[in-house]
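1. just need the structure, nothing else, for what follows:
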Amino acid sequence: MPDISPITVLGHLIMMAGGLKLPTDDSSFEAPDKDQYGETKDLEKLTPAPPKLVPFFVFQTQDAQTIFQDSADEIGKQMQDFHDNACDAVKFSHGLARLQAKVKDLKVVAVSAIGAPGCLDFPKLEDNIKNAPCWASETEDNYTKYKEAVAAGVSTNFADWADNVMVPGLPWYPAFAAYPGPTAAPTPNIPMPLIACPSSSMTKITMASELKDAMVGELSGPPKDDDPDKQHEVLFDGIGTTLSLAFLLWMLSQQVMNVLGKGPVPSYAPPYVPVGPVLGGDNIATPGHLAA
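-> Take a look at the predicted model:
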């Protein structure tokens, strides 16, 4: 199965719909330290400049003049780039962790596999998100705080989902209904989509608002305190929208397979009872159940 596939243009649209403006407040034209804005606004002959990133520009301007539009385009492009890097970083970390994931502690009863919440062992995403190659060279303090907020928020929500995944008696082992032997040898399960294994915390990764709130909650310091227009919320809303759809599509396409079930056949008593169901079985927990 492929890794998650974020559709980044959706996040760009969400950020565009946020209605952000630069300068952030029209009163800044009259502020003492904004003389350049005030003078420019009085120059009636300046030609209004359209956004360069149409249709996916992030910022509108308080006054459609070249000096403001250039700034809006530049900062908007930086936000788009961060959004795309964040999605790539989560994809990178998730792809590595997926190869190590495994299903453990199953109870096998005849054809059915039963796993209590917590039966999916999925490595944490945070460290590899922060250290992803796409933004490893970005060391500026505010950029780093945004990276850490994305890594911590997404990782926490994904871990909540994984820790509550269960296997609800799925018919993974049809051969175990009547097995011709005293003990069933390790047998791979019938592949099934991961979405068939529910989690009480599924909304943590499939609802954009849940991911957004997690990232907003992890951001602290100047990037958050000095942002009265909540630009960070618009950014995280875009990232959350992109990732939530990517996670949902992944769960629909990801197959759970090669989960080796085994167990005793208590009723086996040849020649009178030559076959019987597996009872009290379990599985071999080895990484790779989500690798294919």
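2. at the geometric centre of this structure, which residue sits there?
-> In the chain, the centroid-proximal residue (C-alpha atoms, centre = their mean) is L243; its distance is 4.4 Å.
3. residues of the helix or strand where that one lies that come out buried?
-> L243 belongs to helix 231-253 when assigned by DSSP states H and E. Using 16 or more other C-beta atoms under 10 Å as the test for burial, helix 231-253 gives 231-251. (Glycine included, C-beta is placed from N, CA and C.)
4. now do the contacts for the residue nearest to the centre of the chain.
-> Counting by C-beta atoms under 8 Å, 6 or more residues apart in numbering, L243 touches 4, 6, 87, 90, 154, 205, 208, 211.
5. one more: T187?
-> Contacts of T187 (C-beta under 8 Å, 6+ apart): 173, 175-176, 260-262.
6. who does the helix or strand just after the helix holding L243 touch, helix- and strand-wise?
-> The helix or strand immediately downstream of helix 231-253 is strand 255-256, counting by DSSP H and E. Counting contacts by 3 or more C-beta pairs under 8 Å, 6 or more residues apart in numbering; DSSP states H and E, strand 255-256 packs against strand 192-193.
7. in its sheet, what does the strand it packs on sit against?
-> strand 255-256 (antiparallel) (DSSP bridges).
8. contacts for the strand it pairs with, please.
-> With C-beta under 8 Å, 6+ apart as the criterion, strand 255-256 contacts 1, 103, 189, 191-194, 196-197, 289-290, 292.
9. tell me how far G221 lies from P186.
-> Relative to P186, G221 is positioned 52 Å away (C-beta to C-beta, to the nearest Å).
10. and for I205?
-> 31 Å.
11. need the buried ones from the contacts of strand 255-256 selected in PyMOL.
-> Buried residues among the contacts of strand 255-256 (16+ other C-beta under 10 Å), as a PyMOL selection:
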select buried, resi 103+189+192+194+197+289+290
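12. how about the contacts of strand 255-256 in JSON lines, adding distance to W135 and pLDDT?
-> As requested, the contacts of strand 255-256 are exported to JSON lines (distance: C-beta to C-beta, whole Å; pLDDT from 0 to 100):
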{"residue": "M1", "distance to W135": "26", "pLDDT": "57"}
{"residue": "V103", "distance to W135": "32", "pLDDT": "98"}
{"residue": "N189", "distance to W135": "38", "pLDDT": "97"}
{"residue": "P191", "distance to W135": "35", "pLDDT": "97"}
{"residue": "M192", "distance to W135": "36", "pLDDT": "96"}
{"residue": "P193", "distance to W135": "32", "pLDDT": "97"}
{"residue": "L194", "distance to W135": "28", "pLDDT": "97"}
{"residue": "A196", "distance to W135": "35", "pLDDT": "97"}
{"residue": "C197", "distance to W135": "32", "pLDDT": "97"}
{"residue": "H289", "distance to W135": "30", "pLDDT": "96"}
{"residue": "L290", "distance to W135": "26", "pLDDT": "96"}
{"residue": "A292", "distance to W135": "29", "pLDDT": "82"}
